[in-house]
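Enquirer: I'd like to go over a predicted model; first the sequence, then the structure.
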Amino acid sequence: MSRKVICLAAISLLIVVGCKGKSNTVGNDLPLGNAEQFLEKFSMVETQAGKKQWELEAARALLQESEKQTKLEKIKLKFYKEEVLASVLIAEKGDINTETGDMIATGNVVFTSESEKVKVETDQLNWDNKRKKIVTDSFVKETRPGGIVTGYGLEAEPDLSRSIIKREVKAQVIPKK
């Protein structure tokens, strides 16, 4: 058998094995769709006047540049204030509008403030990059030292130093021990 035939057979075998069982998703949930790039261990940083504003990490990312969209899986978003870590958001999935910098985090979202000792739990939080605010219309549970506040809708600073729960607000005071 000639070398050419052996090489063609090997390449054909690799193509068949490589295509076998190919699915339309990456990882657990990300649909390939019209993704132009797929990345493992994705990270992205936004700076302003040379100072880090936020840093995003994701286990996987699908970049859809033509749609100005990036879909993320297993995300961790860190917000900084004066170059110091202010808060951390963790979620199962997320989407970034690569043109505006707006983000949506979904699935078991937990947002904690390092300095304020506040934890927000919800199913969806949005980052409004233009206004530099965390917002949602979803149900939220906000745990602060001394109490728990629940309700629907939230607008907050990225370090959770100020937050407003918009409607159906209920508060529970936890007495100090």
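Expert: Done, it's in.
Enquirer: hey, which helix or strand in the chain has the poorest pLDDT?
Expert: Averaged element by element with mean pLDDT, DSSP states H and E, the chain has its least confident helix or strand at helix 3-19 (a mean of 34).
Enquirer: what sits opposite residue 111 in the beta ladder?
Expert: residue 89, residue 120 (DSSP bridges).
Enquirer: can you count the residues close to it?
Expert: Residues within reach of residue 111, counting by other Cβ atoms under 10 Å, total 27. (Each C-beta comes from the backbone N, C-alpha and C, glycine too.)
Enquirer: residues in contact with it?
Expert: 87, 88, 89, 90, 119, 120, 121, 122, 125, 134, 160 (Cβ atoms under 8 Å, 6 or more residues apart in numbering).
Enquirer: filter these to the buried ones?
Expert: Buried members of those, counted by 16 or more other Cβ atoms under 10 Å: 87, 89, 90, 119, 120, 121, 122, 125, 134, 160.
Enquirer: go through these and name the one nearest residue 145.
Expert: Using Cβ to Cβ, residue 119 comes nearest to residue 145 of those, at 10.5 Å.
Enquirer: surely that closest one meets residue 142?
Expert: Yes: the pair residue 119 / residue 142 is scored as a contact, 7.3 Å apart, by Cβ atoms under 8 Å.
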